[in-house]
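Undergrad: Dropping the sequence and predicted coords here.
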Amino acid sequence: MNEVEYKNGSHLGWENEYNVDGQLTYSCLTVGETSLEVFEYDNDGNLIDHWKTVGDVYFQEMTLKFNLD
C-alpha cells in the first residue's frame, strides 16, 4: 500500500509505502518530480537508511516555500 500527498493538483509532500502488515517501509518528501529526502525502514519499522537528494540550501528553500515538514 502507499499514500501520496497532493496540494493544488501537484505531488507536494510525503509519499509513504507500507508492507502487507501496515508497517511503514519507505517515505519520501517530494516537490513535483523532485525528491528532497528519503527514509527507508525495515519490516519492523526501524530506520535503516536516510538521505537527502538535494543540497541543504535548496532543501530549506523548498520546505519553507511550501510549508513542508
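TA: Alright, I've got the coordinates.

Undergrad: And the strands in the protein, which stretches?
TA: Along the chain, the segments classed as strands by DSSP state E run 2-7, 10-18, 24-31, 34-41, 47-52.

Undergrad: The fourth one: which residues count as buried?
TA: Neighbour counts over strand 34-41 (16 or more other CB atoms under 10 Å) mark 36-39, 41 as buried. Backbone N, C-alpha and C define where each C-beta goes, glycine included.

Undergrad: could the residues you listed go into TSV alongside distance to Leu64 and pLDDT?
TA: Rendered in TSV, the data for those read as follows (distance: CB to CB, whole Å; pLDDT from 0 to 100):
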residue	distance to Leu64	pLDDT
Leu36	12	97
Glu37	14	97
Val38	20	98
Phe39	20	98
Tyr41	26	98
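
Undergrad: Pull the most distant pair out of those.
TA: The span of these, defined through CB to CB, is set by Leu36 and Tyr41 at 17.8 Å.

Undergrad: Leaving out chain neighbours, which residue sits closest to the residue in the chain sticking out farthest from the centre?
TA: Distance from the C-alpha centroid of the chain peaks at Asp21, with 20.0 Å (CA atoms, centre = their mean). Closest residue to Asp21 apart from its sequence neighbours, by CB to CB, 6 or more residues apart in numbering: Asn43 at 7.3 Å.

Undergrad: so who does the one you found touch?
TA: 19, 21, 23, 25 (CB atoms under 8 Å, 6 or more residues apart in numbering).

Undergrad: Need the phi and psi values for it.
TA: phi -70, psi -10 (degrees, to the nearest 10).
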